[in-house]
Structures are given as C-alpha cells and as structure tokens.
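>>> Below are the sequence and a predicted model for it; my questions follow.
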Amino acid sequence: MGVTDPAGPVMDRDEVDRALARLGAEHEAIETSLLALQDHAGRRLLEGAALTGTTRERWTSAEASITLLWAYFDAYTDALRSAREIRSRRRWSSREDLVELTELLRGESVTIAGSATATANAPTLSGQGRLSESFSLVTLVERMNELYASSLDMIVAADAVWSALPARIDLLAAELQRTRKLAHSVGVRPGEHPAGDDLERITHTLTALREQVVSDPLAYWQPKRGSSAPGGGRPDTTVYDREARALEDVRREIDAVLTVRQDAEQRLVGVRDVLSRADRTLAEARTARGEVLAKIAATEVPVVGGPPTVLQEQLATAAEYRRQGQWHRLSPLLESLEERAEDELLRARESLTAVTAPLAVRAELRGRLDAYRAKVARHGLAEDPFLIERYDAARRMLWSAPCDLRVAEQAVLRYQHAAVELLGVPRAAQQRGPQDHRGEQ
C-alpha cells in the first residue's frame, strides 16, 4: 500500500506554468505593497516618535508583524525561485520534475525558522516557540495578507490622526492666543471674569490634548463599525470640538464687552433717561393721588411708592466702572440696569393708572350725562322739568368735591332712564348708550 501524496495529484506542465504565473503576479503585488508600506509617511513618523499608551503597544506589535512579513516574503521568494529553476531545467519537464514542482507549489514546502517568529514577537500567530514551521505557498500568502492588513491599518489610523488633529489644534491655539490678548485689553482676566477662567482652562486642555495626540494618536481614533478595510474609521475630534465651541462662546462674550466699551456712555444715558421718566411718572402719580383723595369720596386709593434707591446706586457704580475701564464688570451690570429700569418705568405707569382710575370713572360718567342731555335736546325735550331736575342732581354730584362715585353713578342712571322713557327708546337699548337719531322722521 503506497503512501498518499499530501500535495495531491501530480500537476501537469500546463498546471505548473499557470501556477507559476499566478504566484509570480502575487509576488510582484506583495513586493509592491511591502515597499509602499516601508516608505509610508505614517510608518516613518511612528519609527521616530516617542509613543505612549495604546499606540506604543500596537506599534510594537506592528513592527514585529512587519519583520515577520519580510521573513515570510523572503521565504516565499526563495520558494518561487526554486520552482522556476526546476521548471527551467527542461522544456518538457519529466515526471520527477513535476512531482517535485507539485510538492513545492501545493505542499507545505516553505519552512520558516522558529527564531524568525520568536524574534518578531507576534503573539497572535501560531508556531511561536517551535524550532520551525512549514507552510504552503497559498497559506503563506494568506498569512502575509493578514499581517499586511493589520500593520497598514495601524499605520494609516495613526497617520490620519496626526494629519487631522495637531494642525487643527495649532490653529485653534493661535486663535486662542489672539483671544487672550483681546480679553486682557478689556479686563477679562482669570480670577476676575468667568470668560478669563474659561480661556485658562481651554489653554491647558489644548496643550494636554496636543501632547496626547502626538504621543498616542490611536487613543483618538474611531474605527468604522463593520469595515474590514485598513484605516476604516475617522479621527475622534470630540475634545477638540468641545474646546472650539467653548472658545467661540468666550469670543462672543468678549465681543459683548467690546460693544459695551463702544456704546457704554450712550447706554448709561439711556438708563438715566428711563429712570428719570419713571421718577416723573411716580411724582405725577403722587400728585394725582392727592387730587383723587380731595375730589373723590369713599374710594380706596393705592399708595404710591418712591423710586428705588438701589438702581441709582447701581447706576453710579456703572458710571465708575466706565471711568475705570472695567468693561467686563460694566457689561453684565448695564444689561441688568437696562432691564430693571424698564421694569421700574412700567411699574410707575401702572401705579399712575391705578391712582387715576377714580378720575377716569368720574370723567366717563360726566361724558355719559352730557351725551344723554344732548340727545334729549335734539328731540326738543331739554326743557322738561323732570329731566332738568334729574340732570341738575347728577351734575351737582359729578362736579362737586368730594364726589361719591357710587351715588353719582346712580344719579346718572336715573337721568338716563328718564330720558329713555320720554324718548320712547326700548328698554333693551338703554345699555347701548345714547344714539344719534338726526335725520329721523
């Protein structure tokens, strides 16, 4: 019973030639890829960088993989050269040659010394610790593809982070320095203004971020889920984006402070004007209250408060900030003063309206009384004794002081009802007030 050939049936000459052609094309492609990997800018940067963290661990593994990759490639090259030499012995290869070629091309004919894998320190590969390990050319190509893909993935990822983040951080840092100078010029400093503290924090964060990105770029890499292509993913810019937004917020705050510096005097004058109008309105309300108390009887008139002294004190403080150029303190104070001054003016107007309400009621009753009298006169009933009596009674109440509004309103209603009855106006129309019937027949 014969021994079975592990390489399978003996290949014929055509099969051998096709296999050599395919292996030769694969050899050229692998060689091109290895040379490109060797010359990759990311690999050169990794070799010269002081790495830390995840990147140092993965680069140590990648260097071992690349060393092993070249060892595999050299063995692959030697095996291909041997196969070509055997095939070139004769134009028509003998059976012995074909048996040898079959074993070389299909069998586990490539032996890698155990020292190569041990030196490469590639823990993910089987065979570590053995004196040697044998592969077929197909298996060897698969191993090389795996090593190449993992090494390239690591190199491309690190290079992508280095290409994206440090330059952007440097640009943001330059903008940060310009912002710090501008902030200092308007008094926005650490410990004195929240924006100054933010600038200090952003400075420290960006400095630390750049150091970390340079030494451990893979800590800022987000692999793309489901992607098997080398370098599938993108740089993680979360920290950078957050600090960029924070700096933009600070710039807006400083712009607000600069705006305050430009129009501070105009805004202070505006606040003084609003507070002055509120004071005049309150004074008018106090005067009106005295008039109401003198002219209107049995009425509760609300007390008119005085102007709040705290706003005047804050206005004086704001003026002092302006003189001293403390714009970062003036900015929030001015905003608060403008809002509170408008509230104070509204309060004063509401107070005046509440105080003068009884006078408005009296004026409305006077107007209604005169309107009905004019209506009666148009219908020739002005001399009616009953109407004259009721009109005089209502008028005395409305034009005498103090005036009892409740009694005066009843007198006006009595005159109105009497006029309605004499004019023959339906009762339901009384509530609509006097109508102009000029031109009626």
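Here it is on my side, so go on.
>>> For the residue of the chain positioned farthest from its centre, grab phi and psi.
In the chain, counting by C-alpha atoms, centre = their mean, residue 385 sits farthest out from the average C-alpha position, at 81.5 Å. Backbone torsions for residue 385, taken as degrees, to the nearest 10, come to phi -60, psi -40.
>>> what's the neighbour count on residue 51?
Look at residue 51: counted by other C-beta atoms under 10 Å, it has 21 neighbours. Yep, even glycine has a C-beta here, placed from its N, CA and C like the rest.
>>> sec struct for it, please.
coil (DSSP: H, G, I helix; E, B strand; the rest coil).
>>> Identify the residues contacting it.
When the contact criterion is C-beta atoms under 8 Å, 6 or more residues apart in numbering, the partners of residue 51 are 59, 215-216.
>>> about what we covered before: pLDDT value on the residue farthest from the centre of the chain, please?
Among the per-residue scores, residue 385 holds a pLDDT of 85.
>>> Among the contacts of residue 51, the buried ones, what's the PyMOL command?
This is the PyMOL syntax for the buried subset of these, where burial follows 16 or more other C-beta atoms under 10 Å:
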select buried, resi 59+216
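>>> Could you measure from the residue farthest from the centre of the chain over to residue 417?
16 Å (C-beta to C-beta, to the nearest Å).
>>> again with residue 109
Applying C-beta to C-beta to residue 109 and residue 417 gives a distance of 127 Å.
>>> What about the contacts of residue 51, which are in helices?
Among the contacts of residue 51, the members falling in helices are 59, 215 (criterion: DSSP state H).
>>> how about CSV for the contacts of residue 51, with pLDDT added?
Formatted as CSV, those follow (pLDDT from 0 to 100):
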residue, pLDDT
59, 92
215, 93
216, 94
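>>> Could you pull out the strands in the protein for me?
In chain order, the chain shows strands spanning 110-113, 132-135, 221-223, 233-235, 296-297, 403-404, with DSSP state E as the criterion.
>>> Reformat the ones you listed into TSV and put mean neighbour count next to each item.
TSV is the format used below for the strands of the chain (neighbours: other C-beta atoms under 10 Å):
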stretch	mean neighbour count
strand 110-113	17
strand 132-135	16
strand 221-223	15
strand 233-235	17
strand 296-297	18
strand 403-404	20
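>>> Arrange those strands in CSV, one row each, with distance to residue 422 and mean pLDDT as further columns.
Formatted as CSV, these follow (distance: least, C-beta to C-beta, whole Å; pLDDT from 0 to 100):
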stretch, distance to residue 422, mean pLDDT
strand 110-113, 129, 76
strand 132-135, 127, 77
strand 221-223, 94, 89
strand 233-235, 93, 90
strand 296-297, 31, 79
strand 403-404, 27, 82
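>>> Can I get these in CSV including distance to residue 100?
Shown next, in CSV, are those (distance: least, C-beta to C-beta, whole Å):
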stretch, distance to residue 100
strand 110-113, 14
strand 132-135, 16
strand 221-223, 46
strand 233-235, 47
strand 296-297, 129
strand 403-404, 133
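>>> what's the closest of those strands to residue 397?
The closest of those to residue 397 is strand 403-404. By C-beta to C-beta, the value is 6.2 Å.
>>> helices or strands up against that closest one?
Under the contact definition 3 or more C-beta pairs under 8 Å, 6 or more residues apart in numbering; DSSP states H and E, strand 403-404 sits against strand 296-297.
>>> Can you give the strand pairings for the strand it packs on, parallel or anti for each?
In its sheet, strand 296-297 lies beside strand 403-404 (parallel), with partners assigned from DSSP bridges.
>>> contacting residues around the partner strand?
Contacts with strand 403-404, where a contact means C-beta under 8 Å, 6+ apart, come from 295-298, 362, 397.
>>> follow-up on the earlier one: more neighbours: which of residue 109 and residue 417?
Per other C-beta under 10 Å, whichever of residue 109 and residue 417 has more neighbours is residue 109, with 21 against 14.
>>> Could you check how many residues crowd around the closest residue in space to that one that isn't next to it in sequence?
Nearest residue to residue 109, sequence neighbours excluded (C-beta to C-beta, 6 or more residues apart in numbering): residue 103, at 5.8 Å. Residue 103 has 17 neighbouring residues, counting by other C-beta under 10 Å.
>>> Please apply the same query to residue 178.
Neighbour count for residue 178, taken as other C-beta under 10 Å: 10.
>>> quick one: buried residues of stretch 24-31?
For stretch 24-31, the buried set under the neighbour-count rule, 16+ other C-beta under 10 Å, comprises 26-27, 30.
>>> next one: stretch 377-396
Residues of stretch 377-396 classed as buried by neighbour count (16+ other C-beta under 10 Å): 381, 387, 390-391, 393-395.
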